[in-house]
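Colleague: Okay, predicted coordinates and the sequence, questions at the end:
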Amino acid sequence: MKTMLSALFYGARDLRLEEVPVPRPGKGEILVRVVRALTCATDLKTFQRGGHKMIPRLPSPFGHEFAGIVEEVGQGVSGIRPGEAVVAANSAPCNACDFCRIDRHNLCENLRFLNGAYSEFILVPEPIVRQNLYAIPEGIPFERMALLEPLACVAHGVERTGFRMDHCAAVIGAGPIGLMFVRLIKLVGAEVIVLGRTRWKLDAAKRLGADHIIDVSKEPRVEEAVRDLSRGRGVDVVIEAVGIPEIWERAIAITRRGGKVNLFGGCEAGTAVRIDTHALHYDEKKILSVFHHTPRYVAAAYDLLVRGEIDEKILVTETRPLSELAEAFEKMERREALKIAVAP
Ligand SMILES: [Zn+2]
Ligand SMILES: [Zn+2]
């Protein structure tokens, strides 16, 4: 039996590289040789907290952002041949449940998450092959296309938030998700203020088009600083891209009267926030929270990447072999990397 090197997640801070059998594609499935996988803050959170919605049981294959080359196709797969470069999202909806029927595919009751990008090979299930797998045009780097899934989430977040050109927006968090928000909001044409605590990440935000940056580790009066930068009125739209309850509260606090806040960063299960009832009612602050992606946003993200709208060189800060996955996570924890490309 052929075997491959694969990262298996056993629980909090327990990630092991093991030799496992190479899966064979069944009907409608595709086996992909991973060329580049990308580390993701969600994986880091899972690694630290010991679990996540995307990981139904342990031990679990790990990693969900990848691009590679088709190794083998299962029965009934048409239009894709071995040797082709492809990228896929990490889930696909069932199109049959109540949520799918009302066009809320991201809430699909049967979303099947695909993990196992930190491996030499990954088996892509039939619903993803059919709905969320794309060929990579020649000459486009794998590490750029591997941004497909997080960018699809951000495209979903941007559209559902309803950005307009005359908005002044604040993005809290200068990690990869916050930075992708900056770029897409700038494509819409709004003004963007970015709040973060790591100087070089804030500089990356500038390179992606941020109009203003605030280093919250050096700014004792964050709310005033935001107000000053938004001509004294506060920001129309706030994106929380951190996923910490206190930051959710700050996001609501810096939103102006009549403004909107998208609490995009997922917090740990069991946590709660306090919301000022007057802010909600008398100030008419609108709160929404957008989760995950749908095939429509995966398609939009694919087009953005193929057109070269996202500079992967800003977001993917280094490449490491699979054997150094643990070091890659440690580096992310020390805030010394945005995304790390893993090369099995
Ligand atoms: Zn991700
Ligand atoms: Zn469904």
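Modeller: Structure received. Ligands and ions are numbered 1, 2, ... in the order given.
Colleague: how many other residues sit next to whatever residue of the chain ends up closest to ligand 1?
Modeller: Among the residues of the chain, Cys40 lies closest to ligand 1, at 3.2 Å counting by CB to the ion. C-betas here are computed from N, CA, C, even on glycine. A count of neighbours around Cys40, defined by other CB atoms under 10 Å, yields 23.
Colleague: could you measure it against ligand 2, distance?
Modeller: As defined by CB to the ion, to the nearest Å, Cys40 lies at a distance of 24 Å from ligand 2.
Colleague: I'd say that residue and Leu148 touch.
Modeller: No. Distance between Cys40 and Leu148: 11.8 Å, which falls outside the contact criterion (CB atoms under 8 Å).
Colleague: dump the residue contacts of the residue of the chain closest to ligand 1.
Modeller: By CB atoms under 8 Å, 6 or more residues apart in numbering, the contact set of Cys40 is 63-65, 150, 176, 339.
Colleague: one more time with 6 Å
Modeller: If a contact means CB atoms under 6 Å, 6 or more residues apart in numbering, then Cys40 has Glu65 as its contacts.
Colleague: again, but for Arg183
Modeller: The neighbours of Arg183, taking CB under 6 Å, 6+ apart as the test, are Leu208.
Colleague: hmm, 8 Å instead?
Modeller: Taking CB under 8 Å, 6+ apart as the definition, contacts of Arg183 comprise 208-209, 309-310.
Colleague: Just the pLDDT at Lys48, thanks.
Modeller: For residue 48 the amino acid is Gln, not Lys. What the model reports as pLDDT for Gln48 is 89.
Colleague: Check for me that it belongs to a strand.
Modeller: No. Counting by DSSP: H, G, I helix; E, B strand; the rest coil, one finds Gln48 to be helix, located in no strand.
Colleague: is it true that it touches Ala12?
Modeller: Yes. Gln48 sits in contact with Ala12 when judged by CB under 8 Å, with a separation of 6.6 Å.
Colleague: quick one: the residue of the chain closest to ligand 1 from Glu65, how far?
Modeller: Distance of Cys40 to Glu65, computed by CB to CB, to the nearest Å: 6 Å.
Colleague: ok, now how distant is the residue of the stretch 201-344 of the chain found nearest ligand 2 from Ala152?
Modeller: In the stretch 201-344 of the chain, no residue comes nearer to ligand 2 than Thr294, which is 10.4 Å away by CB to the ion. Shown here: Thr294 relative to Ala152, a distance of 8 Å by CB to CB.
Colleague: Comparing these two, which residue is more hemmed in?
Modeller: Neighbour totals were compared for Thr294 and Ala152, and Ala152 leads with 27 against 24 (other CB under 10 Å).
Colleague: circling back to that earlier point, buried subset of the contacts of Arg183?
Modeller: Applying 16 or more other CB atoms under 10 Å to the contacts of Arg183, the neighbour count classes 208, 310 as buried.
Colleague: Columns pLDDT and distance to Lys186 on top of the contacts of Arg183, output as JSON lines?
Modeller: As requested, those are arranged in JSON lines below (pLDDT from 0 to 100; distance: CB to CB, whole Å):
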{"residue": "Leu208", "pLDDT": "98", "distance to Lys186": "7"}
{"residue": "Gly209", "pLDDT": "98", "distance to Lys186": "4"}
{"residue": "Glu309", "pLDDT": "98", "distance to Lys186": "10"}
{"residue": "Ile310", "pLDDT": "97", "distance to Lys186": "11"}
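Colleague: what does this protein put close to ligand 2?
Modeller: Taking CB under 5 Å from the ion as the criterion, the neighbours of ligand 2 within the chain are 93-94, 97, 100, 108, 110.
Colleague: who wins for most neighbours among those?
Modeller: Within the residues of the chain next to ligand 2, Pro93 tops the neighbour count with 24 neighbours, counted by other CB under 10 Å.
Colleague: hang on, the earlier thing: what do Cys40 and Leu148 both touch?
Modeller: Glu65.
Colleague: May I ask which helix or strand encompasses the closest residue to Glu18 other than its chain neighbours?
Modeller: Counting by CB to CB, 6 or more residues apart in numbering, Leu8 is the residue found nearest to Glu18 once chain neighbours are left out, at 5.4 Å. Under the criterion DSSP states H and E, the helix or strand holding Leu8 is strand 3-11.
Colleague: Just the mean pLDDT for that strand, thanks.
Modeller: 96.
Colleague: List the buried residues for that strand?
Modeller: Going by neighbour count (16+ other CB under 10 Å), the buried part of strand 3-11 is 4-9.
Colleague: Same question for stretch 165-184.
Modeller: When neighbours are counted by 16+ other CB under 10 Å, the buried residues of stretch 165-184 are found to be 167-184.
Colleague: Among those residues, which ones lie close to ligand 1?
Modeller: Intersecting the buried residues of stretch 165-184 with the contacts of ligand 1 gives an empty set (criterion: CB under 5 Å from the ion).
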